[in-house]
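> what follows is a protein structure lacking sequence information:
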């Protein structure tokens, strides 16, 4: 069952990668580097490329939900790093840029760290941990704090925020969403005929609100950064947040984990995060955008 879930997660990564590429191009052509407000979202709904990207991402999310319901969060979440490689190659070919050495090394760090974490996590996670109502409530409360803080920063300091803020914000929010979607999926699979018997509507509301905020962050990140940088942030920050909750709140790790294994998992996580930071600094598209912004600042 775990390996079927891993296969679904891999397929989801492909759909999410191509969906992100389509949406990223549509947002850049529509917003032109400006922040995306509610009117911008309405214009995007009329853009066929953006809608097609949304459809691809929807399929990817369905596959990911099944994977989350069938295997531990700690195993499934980091697999999304595969989407980074796909998005980077497709984006580079589309806009005609060459992937430089620092970008290539950053991608290796992101993917290598994430895959290493998955291979280690498969060996030390509980296959089907039970999620109690108390654990579910703790996750919802932590999400409420995250939404309040990130939402306030986005509203009061929106002119000062760059792509990195929106990427981190989206990664944090969707990390919580992944955890709550897993709890909902498990509840539905254990319903025994009555689909909504075990479903917490508080969790449903939390998922909807967080998803809307996360989508807003992602679209603004697309408008001011390359799609592969956005995917890099989501496929590293999102899983790390989800994994932290899975370990700290849901207790997905086995009772006795060898210290070397634990340290290796931490090392892989650090390598993946460093890869995202390096990608945000050295990506050719990101560098080009910084040069353009500096020139515009001098002219103004």
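Happy to help now that I have it. The model shown is predicted, which means the values in this text are computed figures rather than measured ones.
> and the strands in the stretch 151-300 of the chain?
Secondary structure of the stretch 151-300 of the chain by DSSP state E, counting those that start in this stretch: no strands are present.
> any weak-confidence spans in it?
For the stretch 151-300 of the chain, the stretches flagged by pLDDT under 70 are 158-160, 189-198, 224-226, 228, 280, 283-300.
> mind doing that once more with 90?
151-171, 174-204, 207, 211-262, 265-266, 268-300 (pLDDT under 90).
> which ones are touching the residue lying closest to residue 61 once chain neighbours are set aside?
Among residues not flanking residue 61 along the chain, residue 12 sits closest, at 7.2 Å (C-beta to C-beta, 6 or more residues apart in numbering). Just so you know, the C-beta spots here come from the backbone N, C-alpha and C atoms, and that holds for glycine as well. Applying C-beta atoms under 8 Å, 6 or more residues apart in numbering to residue 12 gives the contacts 59-61, 63-64, 67, 80.
> between these, which is closest to residue 125?
Among these, residue 67 lies closest to residue 125 (C-beta to C-beta), at 13.7 Å.
> how many residues are close by the closest one?
The number of residues packed near residue 67 is 27, by other C-beta atoms under 10 Å.
> looks to me like it is in a helix.
Yes - under DSSP: H, G, I helix; E, B strand; the rest coil, residue 67 falls within a helix.
> that one against residue 9, yeah?
Yes - with contacts counted by C-beta atoms under 8 Å, residue 67 reaches residue 9, the gap being 4.2 Å.
> can you show me the helices along this protein?
When assigned using DSSP state H, the helices of the chain occupy the ranges 2-31, 38-45, 48-70, 73-76, 82-95, 101-124, 133-156, 163-189, 201-224, 227-248, 259-282, 284-299.
> hey, which of those helices is tucked in deepest?
Greatest average neighbour count among the helices of the chain goes to helix 73-76 (a mean of 28), per mean count of other C-beta atoms under 10 Å.
> what pLDDT, on average, does that one get?
The pLDDT scores in helix 73-76 average 68.
> then stretch 118-136?
Rounded mean pLDDT across stretch 118-136 is 73.
> re the thing from before, what touches both of residue 67 and residue 9?
What both residue 67 and residue 9 touch, as defined by C-beta under 8 Å, 6+ apart, is the set 76, 79.
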